Structures are given as C-alpha cells and as structure tokens.
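Engineer: Any chance you can model this:
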Amino acid sequence: MRGVQLVGWALANAHRFPEGIEALQQALALCDRYPFPIACANSKVWLASVFVRLYRLQPAAELLLRAKRESMSHHVPFWQIEADRALERLADSRQEFALARAYAEELSLRDDDCRAALIAREQLAEGAAQQNDFQEARAQLQAARPCGKDRRPRLGPVGLSVLANLVRDATADSEETRWFDDSHAAVAGAPATGDPSTAVLLALLRGRATLGRAPTAARTALEEAISRAESLTDEQGERLRMQAYSTLVVATSAGGDHRGALGQLARALRVTPPDHCVLGLAVDSGRIAYLFQEGEGVVGGAGVRQQGPLVEVQLPAVIQQGIARCPEVAVLATPAFLGRSQILPEQVAWGYLRSAAGRAPRRENVSRLVVQDVEIPSRFALPRLWSRHTRAAPGEALVDLSGFQATPTQVLRRLPEADLIELHVHGLLDPAVSDAPALVLASDERGEALLGSRDIEQVRLDRHPGVILGACDVGRSARYWSYAHSLPVAFMQSGASFVLASPAPIEDQAAGPFFEEIWTRIRSGSSVIAALRDERESARWRGAGNDWVRRVVAFY
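Structural biologist: Numbers count the residues shown, from 1 in each chain. The predicted structure is shown next:
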C-alpha cells in the first residue's frame, strides 16, 4: 500500500523541482520490486518529460523505451501511446526526423483509438513543418479525424503550433483561422496542468497566428509570451522565449523596421552589440531575417529556408557589400545558426557575440591551465594525442594537467583559477552525456571521463578566462532549433571572455602552434576575432593540409 501511495504522491508532485524528480526516482525504485504496471509506466513517462525539460535527452529516451516495453507486456495501451508520443517529440527535438516519423506512423496505425490517431497526424504534420514542407504539414492536419461531434478535430499544442505557422500570413478570417481560434480556445480552457509554460506557449501561438490579421495585437501577444518566459528558470522557458523573440524579429524585419529587429535580436541573446558592423541572423519556421548595421544605417533582407534540417546562409548582396567594408563583424545568431564556420569569408574577422559585458582576458600575471597528454580510457578506442612541451610566457604561471591527473574532477576544480584555459584533448559525441560533443579526459574515481556542457554550466568562471578548445568537433551545437547547447556556449555562460573551437576535425600536431600564435596576438592587444583571422591568413597556414584552420570559430 505504501508503494502505491508513494507513486501517487510522486505523480502529483512531478512538476516540482527537485522534489518531483526525487519522488519519481523513489517511485521507480519501488517499480523494480513491485508490479504497479499502470502507475510505474506513468512514473517513467512523467520523469522522462522532466528530463526532456532539463535537456537530459538520453536518460529520457531510455525511460520511455522501458515504459513502452512494459506497457506492451502488461497490455496497458494508454501508456504505450503516451510513450510513443513522447519518443516522437524527443526525436523531433533532436531533428532525427526519420525516427520521429516512424514513431508517429506507429501511432497512426491505432485505428481503435481516435485520440492516438489525432496525435499521430499532429506529429506527422510537425515533422513535415520542421523540414519546411508546409504542403505536407497541411495535408497531415487535413487528414486528422475529429474525436466526437466536432466538424474539425480540436488540435492539441503540437497541431496548434503547426497550424499557427500555416495561418500566420492570412489577412482575413478563413476556415483554417477559425480552426486555429477554436483549437486555441479549447487548449486555453482545459483544466490547469500546473505548468506555467502552457500560458507562454498559448501567447506565442496566438501572436504567431495573427500576424497577418491583427499585427498590433500579434506583437502584443508575442511580447506577453517573452515577458512570461523571462520568469521561467528552466530550459523550456528559454526555448519558448527564443521562439517568441525569433517570430518577433522576423516579423519586425519583414515590416521594414530593420533597426528595431536588430535591437530585438540583441535582447533575445542578452548582448550589447557595437554600434557598427553587426550581422544578425534569425530564423522562424520557414523564414529567415538577415540584418546588418554599418554605422548609422541598418539594412535587412529576407530568405526562405529550403526543405531539410539545415538552415543555409545566403546573404543579400547589399549586406555582403557592407561586410566587405568592415574591419571586424560581430555576429548575432539564433541557435539554428550558432557554431557554424564559414558563415562569412575567411578574410573577415568575425565571431559569435555571446557576452553581455564585452569582457577581456587579463594581460598580466596570467594563470594558464593546459590540459594535454591525457591518459585516455581504453574503452574509447582513441589514439593518444600528440604531446608537446608548453612553455610559459613572461608573466604567466603555468598549470599543466596531464596523464591520469587530467580527470573531469581535477579539471573542473582548476577551471575557476585560470585566466587562459587550453584543452588539447579528444572530442566525442556521447548522447548519454550530452547532445553536443564532450571532452575526453582521464577516468576519475567514479569512472567518469567525459566533460560535457552540463558540467561546465555548473562552474563560475569569475576570472573571465579565454578558452581554447583544441579538440575535434566541439564547436558544434546540439541540433535544437531554439535552444543553444554546446561546450562554447556553456563556457561563455559560465563567464569566459572568449572561446575558440571548431565544429569540424582539427589537425592534432598543428593545433598547438596555431592556437599558441593566436594567444600571442591577443596578449599583444588584438581582439580575439582579429587574432584568429590574422593567424589563419598568415603564410604559415596557406599550404595544403591546413584547411582545418578555416573551420575554427570564435565566441566572445
């Protein structure tokens, strides 16, 4: 009896942090000993939803797969449907569209369950919209069957999100706009879930869906969504905030107010850009806004995203001409663009502006932390990296972590003490740790050897160090449309003044000298983006085999 009560209490408090997580984990421990098939499947799905909100996606996927298997074996179809639905959402958030479609199509085969079939159509429509195939998205929604007496099915949040994009350009009422309004009212009138993000989502969708019909009211709704999202403290709040800002930026630019749109983008990213040579990149569904400020003037252009998961950058000619006149360019980019190399020509000094304070590294009495020559655990089957002898420059105190000492625990302990952090290690994508590449270190006492973005986010870098990530691929961001998640972003959020990293492989033996020369230029007074450009363009790196230097990007 106590076990059933604990599971029930856990579910009732699942939305609370951290009590809800602890309660659900206790409930799952009981599920391993006692047969509560319905309550235990419920607990797994709830805990998975909590993990998704925290962007702990691999543990969420494992829980959902367990819930699905157990629901099937105990003949609990409702929770099998819920698990399939959540697995589709999780795959979609990772832009694993084929897998997401497979889960949705499995749901669509349940002709005995109208609700499951409706959910499947909504999710298939969302998958099509994510790839910018709005014709297919509309066809999937049109194929949805109503559950009840309604002529049209009342869509849930997923279908409502798709429909909001389909009707955003409508200038008058139509059958589709009325369908949106009816579904929106039904979701808004549903019993409260205790989740404050629902109100944010509804305001966001109301604003997006009425941009063509009532632009002033639409902007008010989007600003309401942003204001409400600011009060949320988790990744879900940040994701919704960025979605609302992206819609607002693209709509404002499309209306001709490019200066206002660039200001909104800066607020979205919480940065203060310079007053000249600033490039803004924002995407909202199938629409792209290009913004550029050169001196007093701000120009803009629009693009249409092609079908597929990536957003290609095709700058208008007027912006390309302005960039060619700039000595340096600060790039403000929403998450879909973040971390890409070669957005601008290699002759341009540019980087992703991510710091609100314009911090600069210390130039005198520098404490320099170098992590290299790591004892890599054999389970990774990775070659030992090239070892080099690092010499401290005048005014530098060198801390060298290598061999078995270069563990995640030791590195995290040393990070706050450093003014320059260099990590010459392997990069590895392990979904159990992060949806973005992590750093491979030596095993600590718990057997942990990977240092991921979540670990870095827990550290406060009050000395505002520069960070050099001499590891393959670690400049890449996780594949999320509206949430920035990567090692460079984590270091910047923790207080770094700049991060140098590559979203592609780097040359092991050459990386040390390349980054060493960049650091020398920075200590001599160059900005990080000018130092990167100047070293990249120097004669030393023009030969064959040095193409990797053109993939290194700066965050500052």
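Engineer: surely Q130 meets Q95?
Structural biologist: Yes - the pair Q130 and Q95 passes the contact test of CB atoms under 8 Å, sitting 7.0 Å apart. For the C-beta atoms, the positions are set from N, CA and C on the backbone; glycine is no exception.
Engineer: What's opposite G303 in the beta bridge?
Structural biologist: Beta-bridge pairing for G303 (DSSP bridges): I288.
Engineer: and the gap between it and A268?
Structural biologist: Using CB to CB, to the nearest Å, G303 is found at 18 Å from A268.
Engineer: what sits against G207?
Structural biologist: Contact partners of G207, counting by CB atoms under 8 Å, 6 or more residues apart in numbering, are A218, R219, T220, A221, L222, E224, A225, A244, T247, L248.
Engineer: What separation do you get for the closest residue to L401 other than its chain neighbours and E457?
Structural biologist: By the measure of CB to CB, 6 or more residues apart in numbering, the closest residue to L401 outside its immediate chain neighbours is V371, 4.7 Å from it. Distance, V371 to E457, by CB to CB: 18 Å.
Engineer: which of the two has more neighbours?
Structural biologist: V371 (27 against 14; other CB atoms under 10 Å).
Engineer: helix or strand for that one, which one?
Structural biologist: Counting by DSSP states H and E, the secondary-structure element that holds V371 is strand 366-374.
Engineer: for the stretch 451-556 of the chain, what spans make up the strands?
Structural biologist: Assigned strands in the stretch 451-556 of the chain, in chain order: 466-469, 498-501, 553-555 (criterion: DSSP state E, counting those that start in this stretch).
Engineer: Report how many residues lie close to the closest residue to E82 other than its chain neighbours.
Structural biologist: Among residues not flanking E82 along the chain, V45 sits closest, at 5.1 Å (CB to CB, 6+ apart). Neighbours of V45 under the rule other CB under 10 Å: 23.
Engineer: and if you look at L338?
Structural biologist: L338 is flanked by 25 other residues according to other CB under 10 Å.
Engineer: That one: what's it in contact with?
Structural biologist: Taking CB under 8 Å, 6+ apart as the definition of contact, the neighbours of L338 are Y352, S477, A484, S486, V489.
Engineer: Pretty sure V528 is one of the things the first one touches, is it not?
Structural biologist: No - counting by CB under 8 Å, V528 is not a contact partner of Y352; they are 11.0 Å apart.
Engineer: so what sits against both of those two?
Structural biologist: Common contacts of Y352 and V528 (CB under 8 Å, 6+ apart): A554, Y556.
Engineer: Who has more neighbours out of the two?
Structural biologist: Applying other CB under 10 Å to Y352 and V528 shows that Y352 carries more neighbours, namely 28 against 23.
Engineer: What is the nearest of the contacts of L338 to S402?
Structural biologist: Proximity of these to S402, judged by CB to CB, is greatest for S486, which lies at 25.3 Å.
Engineer: That closest one: what's it in contact with?
Structural biologist: By CB under 8 Å, 6+ apart, the neighbours of S486 are L338, G339, A436, P437, S453, V474, G475, R476, S477, A478.
Engineer: shouldn't A436 be in contact with P488?
Structural biologist: No - A436 is beyond contact range of P488, at 9.3 Å (criterion: CB under 8 Å).
Engineer: so where's the stretch 251-400 of the chain uncertain?
Structural biologist: Residues of the stretch 251-400 of the chain meeting the criterion pLDDT under 70: 307-309, 356-363.
Engineer: A helix includes G351, no?
Structural biologist: No - assessed by DSSP: H, G, I helix; E, B strand; the rest coil, G351 does not belong to a helix; its assignment is strand.
Engineer: Roughly how far does Y556 sit from E457?
Structural biologist: Applying CB to CB, one obtains 18 Å for the distance of Y556 from E457.
Engineer: Please apply the same query to A330.
Structural biologist: From A330 over to E457 the distance is 24 Å, taken as CB to CB.
Engineer: ok, now V250?
Structural biologist: V250 sits 29 Å away from E457, going by CB to CB.
Engineer: what stretches of the stretch 101-250 of the chain score poorly on pLDDT?
Structural biologist: In the predicted model, the stretch 101-250 of the chain carries pLDDT under 70 at residues 110-112, 192-194.
Engineer: What segments of the chain are strands?
Structural biologist: If DSSP state E is used as the criterion, the strands of the chain fall at 278-284, 287-294, 297-304, 328-333, 349-352, 366-374, 396-403, 420-423, 426-428, 438-440, 450-451, 466-469, 498-501, 553-555.
Engineer: can you list those strands in TSV and add distance to F51?
Structural biologist: Conversion of those to TSV gives the following (distance: least, CB to CB, whole Å):
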stretch	distance to F51
strand 278-284	27
strand 287-294	31
strand 297-304	35
strand 328-333	27
strand 349-352	28
strand 366-374	30
strand 396-403	32
strand 420-423	27
strand 426-428	21
strand 438-440	18
strand 450-451	18
strand 466-469	27
strand 498-501	27
strand 553-555	27
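Engineer: T171 is nearest to which of those strands?
Structural biologist: Counting by CB to CB, and looking across all of the strands of the chain, nearest comes strand 287-294 at 16.6 Å.
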